[in-house]
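Trainee: 3D model of this:
(4 chains)
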2 protein chains.
Amino acid sequence: MLDQSNRSHPCGNCAFYKDSIWQPVSSSCVSVLSRGFLRRDLTAGQPLYYQDDDNRGVFCVSKGLIALRTQHHDGTSTLMRLAYPGEIIGFRSFLESRPHRTEARALVGSRVCTVAQRDARHVVQGNPSVLTRLASRCIKEIDRNHERIIAAATTSNKQRLSDILLRLMETHGERTGQFLHMQLPLSRSDLADLIGVQTETVSRLFTRIQADGIFRVSGREIQMLSVPSNKQSANM
Amino acid sequence: MLDQSNRSHPCGNCAFYKDSIWQPVSSSCVSVLSRGFLRRDLTAGQPLYYQDDDNRGVFCVSKGLIALRTQHHDGTSTLMRLAYPGEIIGFRSFLESRPHRTEARALVGSRVCTVAQRDARHVVQGNPSVLTRLASRCIKEIDRNHERIIAAATTSNKQRLSDILLRLMETHGERTGQFLHMQLPLSRSDLADLIGVQTETVSRLFTRIQADGIFRVSGREIQMLSVPSNKQSANM
DNA sequence: CGTCACGTTGAGCGACCTCAAAATCCGTGG
DNA sequence: CCACGGATTTTGAGGTCGCTCAACGTGACG
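Mentor: Sure thing, here's the model as predicted:
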């Protein structure tokens, strides 16, 4: 049995330690990491950083769910990404030393670990493999964006909303007998910003999704038949 | 006057030498670069690599225009990116050592420089700054994708098509008196795959764009009043 | 001269938008 | 415990845009 944890490393107790971008690093850098390390708990709705803020470090979602939004000049906004546990956020502004282009806000109670900017730079400089792993996270983000662009072009809004529910259920759902259920961590207008439609349309999409019999929706309470038998792929 | 060129470096004569990701590198690596370097001219329509091909190196567009497409299972495809001169392509599969997820194909006569995979890895390993610059190109790609997602959510298809014409005109247009004109390097169905509509819709969008008086369109011949007086921002 | 790829045009339909109003949820204070 | 106000969500009516299907034009090429 391998010991997956490591007491001296600040990420040593994290469920995502084995995939941490900060691991492995030279032993001298472990103490630098520990010095610049901050574990922070956010309540639902609490911001981590705002659009146009200067970068303060590299953030890792340890638990919960973080929304990355960008505000537009006309007052509307787009939800660019939902960051799930184990994911890194804020890396663009860190790597490019520029202000954040999105706002990060917890959607549910969350824990976020930060490595302060100065110390993160120090560790990156001394450990090329950290940069390689950061680049890998960049590419994951590119892949996610490509999937989203492709989905927008090839998949109906109804299907995309179903897919989002499915993904959320995977992480946030609780099993009760034959059903999974959850409190939806997003408002109708968040979902609208995510799939690129109006809030009224989201409401109507929920009605249509419910009619297919896999989901039951009541406000933010979502119930789902587990093992949805892939019947939804038959819908357009 | 600084000498922007460098005879011993394979990118030394390139217009984009000063922004090359392969520059600066240690002098010992310059010869490795030269060894793995291949300058290649592509005719319009010629492929550089196919989807699912193994990575053969890092490619840099020296001149021309390269389309990056992904094919879907149902036979449709999406044009993910137009790569302009000075841009790097194929970096995802290089950095992740995985097959290409897009097909790269020249839209007009183009020149592409390749650093062979083995040598590129050698140079990256010996020069951390190369990896930093590659990461920077990754982030540029993320920024482009974000802009595209935001544009899809906030801008009309007509406006987005205009924006594409404007961008192409910038690089490919030739001035004749008061007008810029070009041979459109993309078919109607390429444009459709780029903005996510049907080819018939592209045709109708051209009709409507033309009605605004800035562009004249006849098949692939596009004419534009230069300095378009930003009137198009009035259109929705 | 036929063929084939490409582009345009038309008709009918469905999805989403806008504007408006009603219903529901939720926290706060009486 | 209940009433109130604000935010959120749902529902309705009517309009617009893009989709589908189909026909037709055009130009390149054998």
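
Trainee: skip the chain neighbours and tell me the closest residue to residue A:70.
Mentor: Distances taken as C-beta to C-beta, 6 or more residues apart in numbering or on different chains place residue A:102 nearest to residue A:70, at 5.0 Å, with adjacent residues excluded. In short, each C-beta sits where N, CA and C put it, glycine included.

Trainee: that neighbour against residue A:69, yeah?
Mentor: Yes - if you go by C-beta atoms under 8 Å, residue A:102 and residue A:69 touch, sitting 5.9 Å apart.

Trainee: mind giving me the domain split of chain A?
Mentor: Here the domain parsing of chain A from automatic domain parsing is A:27-152, A:156-225.

Trainee: and the end-to-end length of the shortest one?
Mentor: Distance between the two ends of domain A:156-225: 21 Å, counting by C-alpha to C-alpha, to the nearest Å.

Trainee: which parts of chain A are strands?
Mentor: Applying DSSP state E to chain A gives strands spanning A:37-42, A:47-49, A:57-63, A:66-71, A:77-83, A:88-89, A:103-106, A:110-116, A:174-176, A:179-183, A:215-218, A:221-225.

Trainee: so which bits of the fourth one are buried?
Mentor: When neighbours are counted by 16 or more other C-beta atoms under 10 Å in any protein chain shown, the buried residues of strand A:66-71 are found to be A:66, A:67, A:68, A:69, A:70.

Trainee: can you pull the contacts of the first one?
Mentor: Contact analysis of residue A:66 by C-beta atoms under 8 Å, 6 or more residues apart in numbering or on different chains lists A:48, A:82, A:83, A:89, A:104, A:105, A:106, A:107, A:110, A:112.

Trainee: and the fourth one, what does it touch?
Mentor: When you say that, I think you mean residue A:89. A:48, A:59, A:60, A:61, A:66, A:68, A:81, A:83, A:104.

Trainee: export those residues to TSV and tack on distance to residue A:198 and pLDDT?
Mentor: TSV is the format used below for these (distance: C-beta to C-beta, whole Å; pLDDT from 0 to 100):
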residue	distance to residue A:198	pLDDT
A:48	28	97
A:59	31	98
A:60	34	97
A:61	29	97
A:66	24	97
A:68	21	98
A:81	21	97
A:83	25	98
A:104	25	97
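
Trainee: neighbour-wise, which of these leads?
Mentor: residue A:60 (26 neighbours; other C-beta atoms under 10 Å in any protein chain shown).

Trainee: for the residue nearest to residue A:70, give me the pLDDT.
Mentor: The per-residue pLDDT reported for residue A:102 equals 97.

Trainee: before we move on, what about residue A:236?
Mentor: For residue A:236, pLDDT reads 47.

Trainee: same question for residue A:178.
Mentor: 88.

Trainee: wait, residue A:135 touches residue B:94, no?
Mentor: No - counting by C-beta under 8 Å, residue A:135 sits too far from residue B:94 to count as a contact (10.4 Å).

Trainee: who has more neighbours out of the two?
Mentor: Taking other C-beta under 10 Å, residue A:135 and residue B:94 do not tie; residue A:135 has more neighbours (25 against 22).

Trainee: quick one, what contacts that one?
Mentor: Residues in contact with residue A:135 (C-beta under 8 Å, 6+ apart) are B:95, B:131, B:134, B:135, B:138.
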